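J.: I'd like to go over a predicted model; first the sequence, then the structure.
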Amino acid sequence: MKNMKIIVIGGTAAGTSAAAKAARINPAAEIILFEKSDTVSYGVCEIPFLIGGDITDENKLIVFSPQKLSQEKKITVKTLHQLEKIIPSKHKVIIRDLNSSSIIEQKYDRLILATGASPRKLNIKGEESRNVFYIRSHSDTAMLLNYINNEKAKKAIIIGAGFVGVEMAEAFRKNNMEITLIHNKELPLDDFDAEIQQMILQELRKNQVEFVPNARTEAFINSKSGKVEYVVTNKGSFETDLVVVAIGVVPNTEIFKSARIRLGLNNAVKVNNMQETNIDRVYAAGDCCEVKNIVTGRPSYVPLATNAVRTGWVAGENAAGGKAKFDGAIFSAAMKLFSLEIARTGLTEKEATSLQYNYVKDFVITDSKVHFMPGNKKIFIKLIVDKLTKRILGAQLAGEEGVVLRANTIATAIQTKLTIEEFSRLDFSYFPMFSPLWDPLLVAANSIKRKL
């Protein structure tokens, strides 16, 4: 269809990737991208590094301005435009221009939904106070930076010890702030197992982050100036200058229900491997939709930037007339917390147990280099292997160096369904400054083989 009109709703990672891909596949198509904020293509994952001072220029987080995206990718970009309604029977969307509050009716031949996700709220009184922040967008970042600089905040409370929460703890410590990290579980970072979680907890405490476990936030107590002054929990009250709420995200899909777009886990959009929804000519990508877990074959909700971009490419190509497929994800994620590198890929033991896998696990401690070489550090590796198929189900790693790229190697093995026997025979390079003669991954593989 040469004169195809493709509408994209949402201008962050998935939406811009989808629009750009559609433009490459079908240069004759008219592509219009609507974004409700004033910014597109913003580096959300880099926000903690900006707050911590590793990045000094916020403009570096803007990959494409609306003007640059429009000029370079031949896309019509309309910021401050919000989706109001989808009418599939008429292949039409209703858009509100937030500048003028006027309503626009826009016909489409193909529609791509990339509305992303929003921070989960505590839903308690005082949450809208001017010193309560979320870490999700350009405006969130600007408000937080402005507050830190103008109010000279010295104490911060972070509610939620997931990836964002612990990353923000480090960022604030780099600003010499006193940090209290409040979490509703016994250990931080629920996406890891206890062995790695204990190491994360030690790293937080070593860097003067107070961790409050099993804590439920019950109230915010405001000062006369309208700022939260105390956070009240079942574990006591904590004084603060600012609060960051980092308790996860929820997909922005509520508006899809009236269009009868099928939703699944966490109310995320259900899609097939071509990113098609149950509604003809409507696609979805990014944090608003499910992905298939390659390990389990089941749908899962994994709101990561890597998945957003990859699903965006597939949705954009297919909306423009292609036949691309997204085979799924295995939940690979990594971070650096102070001096500790942490990574996971595939299933954790907690997940394998809940899914009733018959598995064997092993936890090894080995060297990152030949043991007497300068700078040698310990690497901690946990492997989980299916007893029946002998395939690797998941892995978690931690250490001061050499962690993340090794996790990527295991991710490749999981995705290509190598058995632990096949993995143990891989031919890795050796150089004393990079690895022992037997790479830590091979040490771990041969150790768990003995348990099988």
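T.: Cool, the structure landed.
J.: thought residue 251 was touching residue 291?
T.: No: between residue 251 and residue 291 there is no contact under CB atoms under 8 Å: 12.0 Å. Just so you know, the C-beta spots here come from the backbone N, C-alpha and C atoms, and that holds for glycine as well.
J.: burial of residue 339, as a residue count?
T.: Number of residues near residue 339 (other CB atoms under 10 Å) recorded here: 12.
J.: residues in contact with it?
T.: Contacts for residue 339 (CB atoms under 8 Å, 6 or more residues apart in numbering) come out as 203, 400.
J.: cool, residue 55 as well?
T.: Counting by CB under 8 Å, 6+ apart, residue 55 has contacts 46, 49, 61.
J.: and for residue 93?
T.: Applying CB under 8 Å, 6+ apart, the residues contacting residue 93 are 7, 9, 83, 84, 85, 86, 87, 105, 106, 108, 111.
J.: and the protein, what are its domains?
T.: 5-41+62-117+250-319, 121-245, 333-451 (automatic domain parsing).
J.: would you list the buried entries among the contacts of residue 55?
T.: Neighbour-count burial (16 or more other CB atoms under 10 Å) applied to these gives 49, 61.
J.: closest one of the contacts of residue 55 to residue 30?
T.: residue 61 (29.3 Å; CB to CB).
J.: got the phi and psi for the closest one?
T.: phi -80, psi -10 (degrees, to the nearest 10).
J.: now swap in residue 66 and tell me
T.: phi -50, psi -40.
J.: neighbours around it, how many?
T.: 21.
J.: then residue 188?
T.: When counting by other CB under 10 Å, one arrives at 27 neighbours for residue 188.
J.: which helix or strand contains the residue of the chain most remote from its centre?
T.: Relative to the C-alpha centroid of the chain, counting by CA atoms, centre = their mean, residue 372 is the outermost residue, at 37.9 Å. For residue 372, there is no enclosing helix or strand under DSSP states H and E.
J.: same deal with residue 184?
T.: Under the criterion of DSSP H and E, residue 184 resides outside all helices and strands.
J.: list the contacts of it.
T.: So residue 184 contacts 160, 214, 215, 216 (CB under 8 Å, 6+ apart).
J.: what about the last one, distance to residue 59?
T.: Same thing as residue 216. 39 Å (CB to CB, to the nearest Å).
J.: which one of the two is surrounded by more residues?
T.: Between residue 216 and residue 59, counted using other CB under 10 Å, the more crowded position is residue 216 (11 against 7).
J.: surely the more buried one and residue 231 touch.
T.: No: in this structure, residue 216 is not within contact of residue 231 by CB under 8 Å, at 11.1 Å.
J.: what's the neighbour count on the residue nearest to residue 369 when sequence neighbours are not counted?
T.: Residue nearest to residue 369 in three dimensions, not counting chain neighbours: residue 376, with 4.3 Å by CB to CB, 6 or more residues apart in numbering. Applying other CB under 10 Å, we find 18 residues neighbouring residue 376.
J.: next one: residue 153
T.: Neighbours of residue 153 (other CB under 10 Å): 18.
J.: repeat for residue 267
T.: Residue 267: 15 neighbours (other CB under 10 Å).
J.: let me see the contact set for it.
T.: Neighbours of residue 267 in contact, by CB under 8 Å, 6+ apart: 250, 251, 253, 254.
J.: switch the cut-off to 6 Å
T.: 251, 253 (CB atoms under 6 Å, 6 or more residues apart in numbering).
J.: for it, grab phi and psi.
T.: According to degrees, to the nearest 10, residue 267 has phi 70, psi 30.
J.: where does residue 62 land on pLDDT?
T.: With respect to pLDDT, residue 62 scores 85.
J.: so what pairs up with it in the strands?
T.: Taking DSSP bridges as the rule, residue 62 bridges to residue 42.
J.: could I get the domains of the chain in TSV, plus columns for distance to residue 53?
T.: Formatted as TSV, those follow (distance: least, CB to CB, whole Å):
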stretch	distance to residue 53
domain 5-41+62-117+250-319	18
domain 121-245	6
domain 333-451	14
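J.: buried deepest among the ones you listed, which one?
T.: domain 5-41+62-117+250-319 (a mean of 21; mean count of other CB atoms under 10 Å).
J.: SS state for residue 243?
T.: With DSSP: H, G, I helix; E, B strand; the rest coil as the basis, residue 243 sits in strand.
J.: same deal with residue 77?
T.: Applying three-state DSSP: residue 77 is strand.
J.: any regions of the stretch 51-200 of the chain where pLDDT drops low?
T.: Scanning the stretch 51-200 of the chain for pLDDT under 70 picks out no residues.
J.: out of the contacts of residue 184, who's nearest residue 182?
T.: Distances from residue 182 to these, taken by CB to CB, are shortest for residue 215, at 4.7 Å.
J.: element containing that closest one, please.
T.: If you go by DSSP H and E, residue 215 is not part of any helix or strand.
J.: thought residue 231 was touching it, still the case?
T.: No: Residue 215 lies out of contact with residue 231 (CB atoms under 6 Å); the separation is 9.4 Å.
J.: all the strands of the stretch 351-452 of the chain, in order from the start?
T.: 359-367, 378-386, 392-399 (DSSP state E, counting those that start in this stretch).
J.: figure out which of those is closest to residue 97.
T.: The nearest among the strands of the stretch 351-452 of the chain, by CB to CB, is strand 392-399 at 46.8 Å.
J.: residues contacting residue 259?
T.: 86, 88.
J.: next one: phi and psi at it?
T.: Taking degrees, to the nearest 10 as the convention, residue 259 sits at phi -90, psi 0.
J.: from residue 113, how far out is it?
T.: Counting by CB to CB, the gap from residue 259 to residue 113 is 10 Å.
J.: ok, now which ones touch the closest residue to residue 333 other than its chain neighbours?
T.: Distances taken as CB to CB, 6+ apart place residue 344 nearest to residue 333, at 5.8 Å, with adjacent residues excluded. Going by CB under 6 Å, 6+ apart, residue 344 touches 192, 333, 396.
J.: over to residue 344. Which of the three states is it?
T.: Applying three-state DSSP: residue 344 is strand.
J.: got the confidence number for it?
T.: Per the predicted model, pLDDT is 97 at residue 344.
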